[in-house]
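*Asks:* the following block contains a protein sequence and its predicted model.
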Amino acid sequence: MSNDSPWPPEWPVDNKPTSFYHLSGAVREAVDFCYTLRRKNSKEDVPWNGPPLPEFLKAQCHEFHDALTADKMEYQLEGQDRDAMDVIIGIAMQLGMEQGRRSLKQDIDDELKVVETITAECAVPIAAYVRDLRDRMRQA
């Protein structure tokens with residue numbers, strides 16, 4: 001986070017997403033306010049039984065099960081000043097982003113089906129546009 005960023009963070013006025021750090025930092029601050037945390041098994045891998053890392057994040061993030069290995073957690077703590085709770089909060093946020101992306105895609109797909117139905121029934125030549133839009137959404 002840059003020094004000129006507001007704290008606590010606010011949503012950008014242009015409806016763009018805010019920084020990942022602002023979101024995870026706010027969650028961590030709340031957790032730290034409520035709990036005194038001490039990791040009880042720092043030399044062990046943390047088991048991961050959830051879904052895998054979304055495809056679009058693979059170029060920039062470790063797979064969740066890999067990020068939770070003892071070696072990676074040690075590196076995060078020593079090299080990045082991020083403890084296990086920070087890593088777990090980050091994973092939770094990535095899961096939330098993926099869930100939101102999937103929900104949005106489903107909503108858009110549903111709306112496109114309605115538009116395609118109306119277009120077909122009205123014989124309006126925008127069906128090609130809708131198909132192109134659907135193809136672009138599949139690639140997202």
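*Replies:* Thanks, I have the structure now. Numbers count the residues shown, from 1 in each chain.
*Asks:* least confident secondary structure element in this protein?
*Replies:* helix 127-139 (a mean of 79; mean pLDDT, DSSP states H and E).
*Asks:* helix/strand/coil for Ser42?
*Replies:* coil (DSSP: H, G, I helix; E, B strand; the rest coil).
*Asks:* what does the pLDDT read for it?
*Replies:* pLDDT, Ser42: 85.
*Asks:* likewise for Pro9?
*Replies:* 67.
*Asks:* same thing with Gly90?
*Replies:* 90.
*Asks:* now Lys16
*Replies:* Per-residue pLDDT puts Lys16 at 77.
*Asks:* any idea how many residues pack against Thr119?
*Replies:* 18 (other C-beta atoms under 10 Å). No exception for glycine: its C-beta is placed from N, CA and C like everyone else's.
*Asks:* repeat that for Arg131.
*Replies:* Per other C-beta under 10 Å, the neighbour tally for Arg131 reads 13.
*Asks:* output the contacting helices and strands for the least confident helix or strand of the chain.
*Replies:* The contact analysis (3 or more C-beta pairs under 8 Å, 6 or more residues apart in numbering; DSSP states H and E) places helix 127-139 against helix 84-122.
*Asks:* which other helices and strands contact the helix it packs on?
*Replies:* helix 20-34, helix 64-67, helix 70-80, helix 127-139.
*Asks:* and these as TSV, adding distance to Pro52?
*Replies:* Output for the helices and strands packed on helix 84-122, formatted as TSV (distance: least, C-beta to C-beta, whole Å):
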stretch	distance to Pro52
helix 20-34	19
helix 64-67	7
helix 70-80	16
helix 127-139	20
